[in-house]
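Asks: sequence unknown, structure follows:
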Ligand SMILES: [Zn+2]
């Protein structure tokens, strides 16, 4: 490793991973640590700093951070994070750049996942595409490009309201898609994680609702392809073809090509490093 290494940090609701990237031209990285995500911002910052320092490098080309939460419009901190509430409004990017004297970038995990898949996955063939994570929550980002101009936006796909849905969402709204598709809400409602649900009626409903959400996304953004990731999608091979079938049955005037994220669970950490080559003003946090 030389001093041009890039650092990628993926902060999930339960665990944090730190990786070193020799180059931004490859998704390959060396995982230097994985540790439980600390609820205390100061402790988490300390753990990230000491982990990065443990690599023994003198300096870094940049640090990119993927966060399971909404990022402030200026990209410098976290503004909404139900699982990381004590990070809210802290000068996260500034604290890291003060310490390492290198560029630091933050983004929502779905934005990072999108950047990674757009560069290395199937959606690289599409100017208008999205990344969807189906996990504890249901999150997404999409990117619209034309010629050399591109714009990437984090969106609240899980909190779109489905007609007739009377379920109360953890976000405070009534009727959100995520009341059917969010791992945490499923666990609260059924008393077990989706990993332990084999009931076909449950999965029919799950995929009906998620397909509706995807058709709405396609119609509202004019995207042509979606890379799908997150534990629920990656661990249930039957879901992708089922979703594609249901989307095809509803969508008219457009097509939407679904595929599993090529980088799987690594998409957010890979994308966190890729942030360092994507201009901040092309990302709507
Ligand atoms: Zn909601």
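Replies: Now that the structure is in, tell me what you want to look at. All figures in this text were calculated on a predicted structure; none of them were measured in a lab.

Asks: now do the helix or strand residue 45 falls within, average pLDDT.
Replies: Assigned by DSSP states H and E, residue 45 belongs to helix 41-53. Helix 41-53 carries an average pLDDT of 96.

Asks: mind listing what's buried in that helix?
Replies: 41, 44-45, 47-48, 51-52 (16 or more other C-beta atoms under 10 Å). In this view, the C-beta of every residue, glycine as well, is placed from N, C-alpha and C.

Asks: repeat that for stretch 185-198.
Replies: Buried, per 16+ other C-beta under 10 Å, within stretch 185-198: 185-187, 194.

Asks: measure that stretch end to end?
Replies: In stretch 185-198, first residue to last residue: 17 Å (C-alpha to C-alpha, to the nearest Å).

Asks: that one and the ion in contact?
Replies: No - Stretch 185-198 lies apart from the ion when judged by C-beta under 5 Å from the ion; the minimum separation is 8.7 Å.

Asks: which stretches of the stretch 51-200 of the chain form strands?
Replies: Along the stretch 51-200 of the chain, the segments classed as strands by DSSP state E, counting those that start in this stretch run 62-67, 70-71, 78-80, 104-108, 128-134, 138-146, 149-155.

Asks: what does the stretch 1-150 of the chain put close to the ion?
Replies: Counting by C-beta under 5 Å from the ion, no residue of the stretch 1-150 of the chain is near the ion.

Asks: relative to the ion, how far out is the closest residue to residue 167 other than its chain neighbours?
Replies: Excluding the flanking residues, the one nearest residue 167 by C-beta to C-beta, 6 or more residues apart in numbering is residue 179, at 3.7 Å. Distance, residue 179 to the ion, by C-beta to the ion, to the nearest Å: 7 Å.

Asks: quick one: contacts for residue 179?
Replies: Neighbouring residues of residue 179 by C-beta atoms under 8 Å, 6 or more residues apart in numbering: 165, 167-169, 185, 189.

Asks: check those residues against the ion and report the nearest one.
Replies: Nearest to the ion out of the contacts of residue 179 is residue 169 (C-beta to the ion; 3.1 Å).

Asks: next, count neighbours for that closest one.
Replies: 19 (other C-beta atoms under 10 Å).

Asks: before we move on, the earlier item: for the helix holding residue 45, packing partners?
Replies: strand 6-11, strand 15-21, strand 30-36, helix 92-100 (3 or more C-beta pairs under 8 Å, 6 or more residues apart in numbering; DSSP states H and E).

Asks: list the contacts of that helix.
Replies: Residues outside helix 41-53 that contact it (C-beta under 8 Å, 6+ apart): 7, 9, 11, 16, 18, 32-33, 35, 37-38, 60, 63, 86-87, 90, 92, 95-96, 99-100.

Asks: report the buried members of these.
Replies: Buried, going by 16+ other C-beta under 10 Å: 7, 9, 11, 16, 18, 32-33, 37-38, 60, 63, 87, 90, 92, 95-96, 100, out of the contacts of helix 41-53.

Asks: my read: residue 18 touches residue 8, true?
Replies: Yes - because the distance of 7.4 Å satisfies C-beta atoms under 8 Å, residue 18 is recorded as touching residue 8.

Asks: for the nearest residue to residue 122 once chain neighbours are set aside, give its distance to the ion.
Replies: With C-beta to C-beta, 6+ apart as the criterion, residue 122 has its nearest non-adjacent residue at 4.5 Å, and that residue is residue 259. Using C-beta to the ion, we find residue 259 at a distance of 26 Å from the ion.

Asks: got the buried residues for the host helix or strand of residue 259?
Replies: Using DSSP H and E, residue 259 falls within strand 257-260. Residues of strand 257-260 classed as buried: 257-258, 260 (neighbour count, 16+ other C-beta under 10 Å).

Asks: and stretch 162-171, by the same measure?
Replies: Quick answer for stretch 162-171 (16+ other C-beta under 10 Å): 162, 165, 169-171.

Asks: out of the buried residues of strand 257-260, which one sits closest to the ion?
Replies: Lowest distance from the ion to these (C-beta to the ion) belongs to residue 258, with 22.7 Å.

Asks: burial count for the residue nearest to the closest one when sequence neighbours are not counted?
Replies: The shortest distance from residue 258 to any non-neighbouring residue, by C-beta to C-beta, 6+ apart, is to residue 244 (4.9 Å). Residue 244: 19 surrounding residues under other C-beta under 10 Å.

Asks: measure stretch 183-199 end to end?
Replies: With C-alpha to C-alpha as the measure, what separates the two termini of stretch 183-199 is 15 Å.
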